[in-house]
Every structure is written in structure tokens, then in C-alpha cells.
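*Asks:* what's the 3D shape of this:
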Amino acid sequence: MEIACVIDKRLASLSRPGRGGGPRPGRFDADGVAGVADPVAAAEATEAMVRALERIGAAVESEQPGEAFFAVDGLQALYGGTSAAVLAAAQRAVGEERRLATGSTRLAAYLLADGWARPVPVAALRTRLGVPDREVDELIEALERLGIETLRAFAQLSVDQVSDRFGPLGLRALRLCHGEEEPLRPRTPQAQVVEEIELPEGTAGRQLDRALELLVDRLLAVPQRQGRTLLGLRLGAVLASGGSWSVEQGLGRPSASPRVLRNVLAPRLEELPGPATALRLRAVGLGPPARDQLELAVGGAEPRRRRLRAAVREVRAAQGAEALLKILPVDDASRVPERWALLTPYPEL
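*Replies:* Numbering: from 1, shown residues only. This next block holds a predicted model:
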């Protein structure tokens, strides 16, 4: 099987936070471009890149920011019958600034896309083993101290030699050098359900809670959700000091209840490292339709909720997502009337 690798080295550089978990100014990426570590921006841009590949029919595996892998073979019939034609289509989809290459394994495709010259040094394994940097650095330093400086030299060692000296991590690296990899694990393409709102400077406390309520309502009104429940959420913020912050929140069980979403997300706002200029909320996985959820209710409340939910969907289907709105109080103490309240999509209940 021929595997294609797409690399955006700038995104890989931006995804690395500083030691304190926040942005790290003054870094330089592999191309010598100065920048600020911004893992949220890197994740969003990687998501856009992966979706661009999925639009041409690729089944994409992407487990690190700035990288994506997909099998070329199944796409050849769609694009002229050659790997070159598939790569050309992928290049048009992701943009000329990204690097593409193919190989018989992920590692081979990555090395070509990343521009490693032969003989390839063992340092090329640094991002390929899926373990903390410290462990990989120790393995690479040990190999280099023993004079094993290239992948070719490492691949010539026996399994017993590697096992005795370098343990399980060394064996994993050896298998990669021998072309032994697990099959690709493409993700299941899903509709993009994401919303973002800009915030005035110095937003905090009750105003931030109101902003979250508005964001949840808008997310649940996104047409791409198609009435389905959410399995998880990623809450992010653009920081006023530069850089960004994000946190993922599982829901335990599928839900499309505004109250449930607000309750699980509100405590995460306390983790914000500083003032924010924007909040972003993304659905991480979609579950079954909301109408299939089982809910307990007192008296005759549930039949009424079902009728109201059906009415909301019917109006939105006929008139659009903005057809039903509610008034959300924001800051009744503000001297600016426009800040007293906002219109937000009416929840589906």
C-alpha cells in the first residue's frame, strides 16, 4: 500500500507550548520563521487541512498537529489512475505551502515529505514514536554515544541487541526502521459543528458566563448538527496577551441539553490563564439524534417539551437557524444600552 504524508512544519512548531503551558514567544520553526506557540491555532488549522483532504475522498489519519496520512491506492481510480495525479489533487486541496510525499510506510512518506537527506540520522525518529520527548531524547543520545548515528546503521542491529540495550522503545523504533507499522487508522469524517464569539476587553465573571451561554445556544443552533447529540466539547479562547488556550470536556453520555452543556463547561472557565478576546466552542463527535434521548420528567412536562422541540425544528427548517431567538441578559449595569442584552438562538430544549 502506498501512503501519502502531508506536512505543515509551521503548525507542528506552533503546537508546542512553553514549559508553563502558555504561549512561548520568540520561537523559530524548522524553516527559521519566528512565531509564538499557539496550540489551539495549530489544531484548528490542522483540522482545516484534514477536512480539505477528506473532501477529495481521502480517509485521513492525523494524530499530530501539522501532519496527515492517507492511502493513495483507493484514490487512483478517481484521479487518472496514478499516484502523481492523486498527489496533485491533494496539493491543490491543502495549498502549495504544505509538503506532500508518498512511501511504502508512514515513516518513509514522512521522511520524504520532511526533506530528510540520506543517510537519515536517528534524530528523525524524534516525533515518530508517540512517547514524551524526554524518552525519545534519551534513546537518540544513547544511540549516538554508541556510534549508531543513522537509521540504516540502527536497522542492522539484531532484535536481541536492541532489546537488551534499549528495551521496548528501542524495539518499537527498530520495527519502524524495518517497515513494520500498524495499518492506518483513518478518522470518521463528521460535520463541523463550531461557533466563536468575540469578547470586549476585560471580560470576566458574570459576563464570561453569559458569553458561554450565548456560545452554547449558537452551537446547538448550527444547521450541520442536524438535531444530533454531542459526545464531547472543546472550549477554546484567544488570549488578550497573545496565544490561545483550550480544554476538552467529555459529557459522559450524549446530550444536546443547553443546561447540561453549560453546567459542565462553566467550571472550565476558571482555568483560563488570563483575559480572553474570543471564545470558541467545537463539538468533538456527534451522537444519536436528540429525540432518541431518554429523559425523566415530572407530570406532563415531557410531552410538552417534545411538542415544543418539534415546533422549534419545524420553524428552523422552514425559516432558517435565526428564525427563533431569545433575549439573553448580559450586563444590566453597563452604560451602553447595546450591552444590556443580546439575541441568541432559541434552544431546542
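
*Asks:* Neighbours of Arg185, how many?
*Replies:* 11 (other C-beta atoms under 10 Å). C-beta: built from backbone N, CA, C; applies to glycine.

*Asks:* got a pLDDT number for the residue most central in space within the chain?
*Replies:* Centroid-nearest residue in the chain, with C-alpha atoms, centre = their mean: Ala43, separated by 4.5 Å. Looking at Ala43, its pLDDT is 78.

*Asks:* what stretches of this structure score poorly on pLDDT?
*Replies:* Under the criterion pLDDT under 70, the flagged ranges of the chain are 15-37, 40, 202-205, 290-306, 309-310, 313-314, 316-323, 326-344, 346-349.

*Asks:* All the helices of it, in order from the start?
*Replies:* 9-14, 39-55, 83-94, 106-113, 133-145, 151-155, 159-177, 206-220, 258-265, 301-319 (DSSP state H).

*Asks:* could you dump the ones you listed to JSON lines with distance to Arg187?
*Replies:* As requested, the helices of the chain are arranged in JSON lines below (distance: least, C-beta to C-beta, whole Å):
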{"stretch": "helix 9-14", "distance to Arg187": "17"}
{"stretch": "helix 39-55", "distance to Arg187": "8"}
{"stretch": "helix 83-94", "distance to Arg187": "16"}
{"stretch": "helix 106-113", "distance to Arg187": "15"}
{"stretch": "helix 133-145", "distance to Arg187": "25"}
{"stretch": "helix 151-155", "distance to Arg187": "29"}
{"stretch": "helix 159-177", "distance to Arg187": "22"}
{"stretch": "helix 206-220", "distance to Arg187": "21"}
{"stretch": "helix 258-265", "distance to Arg187": "23"}
{"stretch": "helix 301-319", "distance to Arg187": "29"}
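
*Asks:* So for Gly232, which of these sits nearest?
*Replies:* Among the helices of the chain, helix 258-265 comes nearest to Gly232, with 9.9 Å by C-beta to C-beta.

*Asks:* wait, what's in contact with Ala283?
*Replies:* Ala283 sits next to Val193, Val194, Leu219, Arg225, Leu230, Leu231, Gly232, Leu233 when contact means C-beta atoms under 8 Å, 6 or more residues apart in numbering.

*Asks:* how near is the first one to Leu269?
*Replies:* With distances taken as C-beta to C-beta, to the nearest Å, Val193 is found 20 Å from Leu269.

*Asks:* One more: the third one?
*Replies:* From Leu219 across to Leu269, the span is 15 Å (C-beta to C-beta).

*Asks:* Also the fifth one?
*Replies:* Look at Leu230 and Leu269: by C-beta to C-beta, they are 18 Å apart.

*Asks:* Compare neighbour counts for those two and give me the winner.
*Replies:* A side-by-side neighbour count of Leu230 and Leu269, using other C-beta under 10 Å, places Leu230 first with 24 against 18.

*Asks:* What residues are bridge-paired with the residue lying closest to that one once chain neighbours are set aside?
*Replies:* Spatial nearest neighbour of Leu230, chain neighbours left out: Ala283 (4.8 Å); criterion: C-beta to C-beta, 6 or more residues apart in numbering. Counting by DSSP bridges, Ala283 is bridged to Leu233.

*Asks:* which residues does the spatially closest residue to Ala85 that is not a sequence neighbour contact?
*Replies:* Excluding the flanking residues, the one nearest Ala85 by C-beta to C-beta, 6+ apart is Tyr79, at 4.2 Å. Contacts for Tyr79 were tallied using C-beta under 8 Å, 6+ apart; they are Ile56, Ala85, Val86, Ala88, Ala89.

*Asks:* 7 Å - rerun?
*Replies:* Contacts for Tyr79 (C-beta atoms under 7 Å, 6 or more residues apart in numbering) come out as Ala85, Val86, Ala89.

*Asks:* Export those as a markdown table, with columns for distance to Ala48 and neighbour count.
*Replies:* Formatted as a markdown table, those follow (distance: C-beta to C-beta, whole Å; neighbours: other C-beta atoms under 10 Å):
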| residue | distance to Ala48 | neighbour count |
| --- | --- | --- |
| Ala85 | 23 | 15 |
| Val86 | 20 | 28 |
| Ala89 | 17 | 17 |
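
*Asks:* Any chance of the residues you listed in TSV with distance to Cys5 as columns?
*Replies:* As requested, the contacts of Tyr79 are exported to TSV (distance: C-beta to C-beta, whole Å):
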residue	distance to Cys5
Ala85	17
Val86	13
Ala89	15
